[in-house]
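>>> After the sequence you'll find the predicted model.
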2 protein chains.
Amino acid sequence: MFKATIYVTLKESVLDPQGVAVKGSLHTLGFTGVQDVRIGKRVEVLLDCEDRAEAEKQVKELGEKVLSNPVIENFTFELEEVA
Amino acid sequence: MFKATIYVTLKESVLDPQGVAVKGSLHTLGFTGVQDVRIGKRVEVLLDCEDRAEAEKQVKELGEKVLSNPVIENFTFELEEVA
């Protein structure tokens, strides 16, 4: 069994309206030192696989095809074997 | 200037309907080895602060008060000094 922690973030060149909104709220609440906010996803997937190579292959595939939009998003992942 | 990377995740005991939905889609798309999916947020905050201690204090405060709901969510963060 493998646990993949997948991070999906917007590409640098893409405007993050959600991040802009959160930045505005933080300023309103007094966190005036905040210069920029970027919001992304953190997805944990528990995967039943024979071996690490197979797990890695599946995580790359599901990350690229399902969990992220390669046109505007980057995705990275960490993989660990669990009990 | 400091960059905080904040992770907001649902507590273990809390049902994740979004994760259940994604798991169903992954099964439909042939990723039958997926046993569980948990979805969280990854928030990058660029913070203009005098020193690390002040940055840490502000990140804890904005993490607990704005970015997460302590009743159902956990939050952790990494802090690095940037140019």
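Received, thanks.
>>> So which bits of chain A are right by chain B?
A:1, A:7-9, A:22, A:25-26, A:29, A:31, A:33-49, A:58, A:61-62, A:65-67 (C-beta under 8 Å from any C-beta of the partner chain). Every C-beta, even on glycine, is put in place using the N, C-alpha and C of the backbone.
>>> Report the buried members of these.
When the residues of chain A next to chain B are checked for burial by 16 or more other C-beta atoms under 10 Å in any protein chain shown, the buried set is A:7-9, A:22, A:26, A:31, A:33-34, A:37-47, A:49, A:58, A:62, A:67.
>>> which ones among the residues of chain A next to chain B are found in helices?
Among those, the residues falling in helices (DSSP state H) are A:22, A:25-26, A:58, A:61-62.
>>> Make JSON lines out of those and add pLDDT.
JSON lines is the format used below for those (pLDDT from 0 to 100):
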{"residue": "A:Val22", "pLDDT": "96"}
{"residue": "A:Ser25", "pLDDT": "95"}
{"residue": "A:Leu26", "pLDDT": "96"}
{"residue": "A:Gln58", "pLDDT": "95"}
{"residue": "A:Glu61", "pLDDT": "95"}
{"residue": "A:Leu62", "pLDDT": "93"}
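>>> so which of these comes closest to B:Glu54?
Here the nearest of those to B:Glu54, counting by C-beta to C-beta, is A:Leu26; it sits at 15.3 Å.
>>> Was I right to think that closest one contacts A:Val34?
Yes: under the criterion of C-beta atoms under 8 Å, A:Leu26 makes contact with A:Val34 at 4.7 Å.
>>> Just give the number of residues close to A:Thr76.
11 (other C-beta atoms under 10 Å in any protein chain shown).
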